[in-house]
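Novice: pasting a predicted model and its sequence here:
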2 protein chains.
Amino acid sequence: MTKDTENIRIKDIAQMAGVSAGTVDRVLHNRGRVSEENLKKVNAVLKMVNYQPNLIARSLASKKQYKIVAIIPSFKKGEYWESISKGIDKAGNEFEDYGVHIQKLYFDQYDNNSLNKTVDELFQISFDAVLIASLFANSVISISEKLDELNIPYNYIDSNISGQNQLAYFGTNSFDSGVIGAKILLNSIGKDANILVSRMIHSGDQNSNQSINREAGFNSYLNTVGYTGKVHYVDLKIGSSVFNFSVLDAFFESQNNIKGIIVFNSTCHKLANYIKVRDIHNLIVVGYDVIEENANVLREGYITALIAQRPQLQGYNGIKSLCEYLILKKRPQKENFMPIDILMKENVDYYNEQ
Amino acid sequence: MTKDTENIRIKDIAQMAGVSAGTVDRVLHNRGRVSEENLKKVNAVLKMVNYQPNLIARSLASKKQYKIVAIIPSFKKGEYWESISKGIDKAGNEFEDYGVHIQKLYFDQYDNNSLNKTVDELFQISFDAVLIASLFANSVISISEKLDELNIPYNYIDSNISGQNQLAYFGTNSFDSGVIGAKILLNSIGKDANILVSRMIHSGDQNSNQSINREAGFNSYLNTVGYTGKVHYVDLKIGSSVFNFSVLDAFFESQNNIKGIIVFNSTCHKLANYIKVRDIHNLIVVGYDVIEENANVLREGYITALIAQRPQLQGYNGIKSLCEYLILKKRPQKENFMPIDILMKENVDYYNEQ
DNA sequence: CTGAAAGCGCTTACAG
DNA sequence: CTGAAAGCGCTTACAG
């Protein structure tokens, strides 16, 4: 049990090939400066033995340092992107001993222009790989093209953009998570009930990929099942409860037959709080992301279900796979879809990221 | 960014304390054979500096090997315990370079006596830690007591047993996962509809903890919401479809007003297949665990929902925390509840363990 | 192009 | 009880 394969070392290979350890090392890493003849000898030995480099020894000896930049939205405590950030830190810590350092660059998730500014910052510094929260397709595509030129690997998280050369994507299938939102909603309110979709007003000129795709999935499900109700929309402001309350008051005065509400981002708690304060009953409310504020109103019954997407794991896997690529040349799968989790009052307390 | 804390080494501490590296090492690991005076000097230095041992160097230098035994049910491909086993292997691979070796010992999950035999095997060999699938409380308690005497750390997975000295438990709260099963079922069929609970006949004299606790949670929910229907039971045999079909035929002949079915273990697909073959409609079926056979009938619509518990993660974390305890003396939290996942047709395809 | 040697930070006999 | 030295498996200058 202790040894399934005898552990063979560079030294052993060197001896078998009749060369020095340095030469084997050069062959192993294609560092050049090896004669045709020795190259053959070493490769011959390599072919017979199953050499498993000791990574621990390698990183102890190597002074190589790697810098990974993570471009993500800024956040306050308890907000959605905090979870992603935690996952990034976790992976960063695990690979610290292997010479990996993480630097985070932030932008405003409600303003696509701010991402462009952050990108200018990015290209001022030097780095070996990038993790990108691909909220805004246009900007992300332009970053990606620059990174392609520089031959620097990059991963996407949050929402995918196809046709690009990202090493890997970690996140949900946003379209399908919209489908599930629609299904949970219609299961409870029926196919002819009216629905309110709550959106956020953005500063920039572009909505995030995630919301766009979720809404597309939602609409697709409505079409598929032959939905005959009416879908209404309100636009809220992220920072202004006063504004939001007056918008919602006006809306609910004009419409009194809404049965379900859905919010395609993590701000569902804003709506739930309105419902709580106004003491409105019998509404089915579906939102996204288990942040503390959402979880609280879910527990109290003002949100019916939350759909979640393992944010911490997205950050963790996004960084980890870049580390493994840099250190081990291990290429990850290109598309890595996170599970789409459904949380209700009864299971939300167990939803932590193990 | 590259250095938040200057990296101080044993050598540095030795120099500062005016002793040799060997002495520092002895102090660090309580290996004894250090004079009162030197002990003081080294500890004084240790108090000022934040020494972070380089684990990579440590494990390269140390020839220490650790053996962890995992006691789990045997399984065929695609069965529930395969996932747990995969998680165990994953953690084993990650810690291989650190000198950790895993040995698995199997027992029959439907026969508590078989576990006792496996335990006899266990105490024939030598090992440093144990991971136990705590299906059968009695046997597991007796193993635990022996391990306590030997001062060998052990973790539980699958279902918890309180009052024992396990280092940690990784698994769901079985009671609450029974509550959620009941909620999903009653949400669809109402509080007065009749329910069929399908059980498995065991060879031993004891049911598994997991099933017992899930059923307790299920019954508790029924009481809480004032359920007025009738709960029926059938006992099936794991290996005999012929037997099962005749039992179910007999049951459904005598009862024609069953609205919902629940199965508290991973064998729900057996019931779903019966329903499929007999072409029975309008039954809400809730089961546990996303094994391939269950997922297939969920996709086809013969199971309404599956409740899952991250089996791979249980195996992975169960081993990982033992490794960290052995290598780093890092003590894990004692109770680590897995999320309780709800899977429907629409999100099951994304349910993989990242 | 090549090999001998030093070094990564720690642990482990060993001589005293 | 103590320190100097060797060694874990690899990488990295360096002299030739």
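Specialist: On my side now, so go ahead.

Novice: which elements pack onto whichever helix or strand A:Lys270 is part of?
Specialist: When elements are assigned from DSSP states H and E, A:Lys270 belongs to helix A:268-278. Counting contacts by 3 or more CB pairs under 8 Å, 6 or more residues apart in numbering or on different chains; DSSP states H and E, helix A:268-278 is packed against strand A:194-200, helix A:241-254, strand A:258-263, strand A:284-288, helix A:292-299. For glycine as for every other residue, the C-beta is placed from the backbone atoms N, C-alpha and C.

Novice: look up how far A:Ile10 lies from the residue of the stretch 1-150 of chain A found nearest DNA strand D.
Specialist: Residue nearest to DNA strand D within the stretch 1-150 of chain A: A:Ala61 (2.9 Å; CB to the nearest atom of the strand). Per CB to CB, to the nearest Å, A:Ala61 is found 11 Å from A:Ile10.

Novice: hey, which helix or strand in chain A has the poorest pLDDT?
Specialist: helix A:55-61 (a mean of 88; mean pLDDT, DSSP states H and E).

Novice: tell me the mean pLDDT over the helix holding A:Lys270?
Specialist: Average pLDDT, helix A:268-278: 96.

Novice: report the angle between the axes of that helix and helix A:292-299?
Specialist: With axes from the mean of the first three to the mean of the last three CA atoms, to 10 degrees as the basis, helix A:268-278 and helix A:292-299 are set at 50 degrees to each other.

Novice: in helix A:268-278, what counts as buried?
Specialist: Within helix A:268-278, the residues that count as buried by 16 or more other CB atoms under 10 Å in any protein chain shown are A:Cys268, A:His269, A:Lys270, A:Leu271, A:Ala272, A:Asn273, A:Tyr274, A:Ile275.

Novice: can I get stretch A:189-201 in PDB? Just the C-alpha atoms.
Specialist: Output of stretch A:189-201 as PDB, limited to C-alpha atoms (Å, rounded to 0.1, in the frame of the first residue of the first chain):
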ATOM      1  CA  ILE A 189     -48.600  31.100  -9.300                       C
ATOM      2  CA  GLY A 190     -49.800  29.300 -12.400                       C
ATOM      3  CA  LYS A 191     -49.500  30.100 -16.100                       C
ATOM      4  CA  ASP A 192     -51.900  33.000 -16.200                       C
ATOM      5  CA  ALA A 193     -50.900  35.000 -13.200                       C
ATOM      6  CA  ASN A 194     -49.200  38.400 -13.600                       C
ATOM      7  CA  ILE A 195     -45.600  38.800 -12.800                       C
ATOM      8  CA  LEU A 196     -43.400  41.800 -11.800                       C
ATOM      9  CA  VAL A 197     -39.800  41.800 -12.900                       C
ATOM     10  CA  SER A 198     -37.700  44.200 -10.900                       C
ATOM     11  CA  ARG A 199     -34.500  45.600 -12.400                       C
ATOM     12  CA  MET A 200     -31.800  47.900 -11.400                       C
ATOM     13  CA  ILE A 201     -31.000  51.200 -13.200                       C
END
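
Novice: give me the residues contacting that stretch.
Specialist: The contact list for stretch A:189-201 (CB atoms under 8 Å, 6 or more residues apart in numbering or on different chains) reads A:110, A:185, A:211, A:215, A:218, A:225-238, A:251, A:255, A:257-265, A:267-268, A:270-271, A:284.

Novice: can you name every helix or strand that the host helix or strand of A:Lys40 contacts?
Specialist: Assigned by DSSP H and E, A:Lys40 falls within helix A:36-48. If you count contacts as 3+ CB pairs under 8 Å, 6+ apart, helix A:36-48 packs onto helix A:10-17, helix A:21-28.

Novice: and the least confident helix or strand of chain A, which residues are buried?
Specialist: For helix A:55-61, by 16+ other CB under 10 Å, it's A:Ile56, A:Ala57, A:Arg58, A:Ser59, A:Leu60.

Novice: so the first one makes contact with B:Arg58?
Specialist: It stands for A:Ile56. No - at 9.5 Å, A:Ile56 does not count as touching B:Arg58 under the criterion of CB atoms under 8 Å.

Novice: so who does A:Leu60 touch?
Specialist: A:Leu60 makes contact with B:Asn54, B:Ile56, B:Ala57, B:Leu60, according to CB under 8 Å, 6+ apart.

Novice: hmm, I was thinking of A:Tyr98
Specialist: Each residue near A:Tyr98 by CB under 8 Å, 6+ apart is listed here: A:Ser59, A:Tyr66, A:Cys323, A:Ile327, B:Ile56.

Novice: how about these, which pair is most distant?
Specialist: Spanning the widest gap among the contacts of A:Tyr98 are A:Tyr66 and B:Ile56, at 15.1 Å by CB to CB.
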